[in-house]
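> Provided below for reference: sequence and predicted model.
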Amino acid sequence: MALLPQARNPIMLPLSFTSHLSSLSFTSPISPPKSPSTSRAPAPDLPGPSQIAVTSDVLSSSEAAAEEEAAAAAKIGRWIRVKAPLRVYHMAKVPDLDLGGMEGTIKQYLGVWKGKRISANLPFKVEFLIRIDGQDSPVKFFAHLREDEFEYVPSSDGPN
């Protein structure tokens, strides 16, 4: 087997083809442009300025984000109760903790960040307090929830 000379990816050929290789000349398949005027393609026909319409929804999206942020600001500080069984595993002192029925406080809304809408899939940051055996004070931890995973508690005096 022989290798073709100047090949980037080696090609293996049987020895019977090597006798024909000496008669071949290897040149680059790409030729340089002849002149700047002939190497460019003609410009495409574009519609006139009266036919081009450009729209931007940057202003409307920032206004919508501001409205969403204002609506979420009213929810911050409210007490909530988790509706469905929901397990979290990031609490080191209580592994496999079920949040179902627990009450907490909304601390932050993460759907809008620095005036821009972001795609947070769990936008509400909620603070929970849980009593653990052997500790005098409750342990504080946070969980991120969607709005359909909790309900608002009518009294905002705190958990019962």
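Perfect, I can see it now.
> how about low-confidence regions in the protein?
Applying pLDDT under 70 to the chain flags the ranges 1-61, 156-160.
> tell me where the longest helix sits in it.
With secondary structure taken from DSSP state H, the chain has its longest helix at helix 58-75.
> which helices and strands sit right next to it?
strand 103-109, strand 112-113, strand 116-117 (3 or more Cβ pairs under 8 Å, 6 or more residues apart in numbering; DSSP states H and E). Every C-beta, even on glycine, is put in place using the N, C-alpha and C of the backbone.
> would you indicate which residues of it are buried?
A65, E69, A72 (16 or more other Cβ atoms under 10 Å).
> ok, now which ones touch I132?
K93, V94, P138, V139 (Cβ atoms under 8 Å, 6 or more residues apart in numbering).
> show me the beta-bridge partners of the last one.
What it means is V139. Listed by DSSP bridges, the beta-bridge partners for V139 are I130.
> what about it, neighbour count?
Per other Cβ atoms under 10 Å, the neighbour tally for V139 reads 14.
> what sits against it?
K93, L129, I130, R131, I132.
> so what's the second one up against?
Contacts were defined as Cβ under 8 Å, 6+ apart; by that measure L129 touches G104, P138, V139, K140, P159.
> dump these to TSV, plus distance to A84.
As requested, the contacts of L129 are exported to TSV (distance: Cβ to Cβ, whole Å):
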residue	distance to A84
G104	15
P138	23
V139	23
K140	23
P159	18
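> how about those, which pair is most distant?
Spatial extent of those (Cβ to Cβ) is set by the pair V139 and P159 at 14.2 Å.
> T105 reaches R78, doesn't it?
Yes: T105 is within contact range of R78, at 7.3 Å (criterion: Cβ atoms under 8 Å).
> comparing the two, which residue is more hemmed in?
Between T105 and R78, counting by other Cβ under 10 Å, T105 is the more crowded of the two (18 against 12).
> and for the more buried one, nearest residue in space, chain neighbours not counted?
E127 (5.0 Å; Cβ to Cβ, 6 or more residues apart in numbering).
> top of the contacts of L129 by number of neighbours, please.
For the contacts of L129, neighbours were counted using other Cβ under 10 Å, and G104 has the most, 26 neighbours in all.
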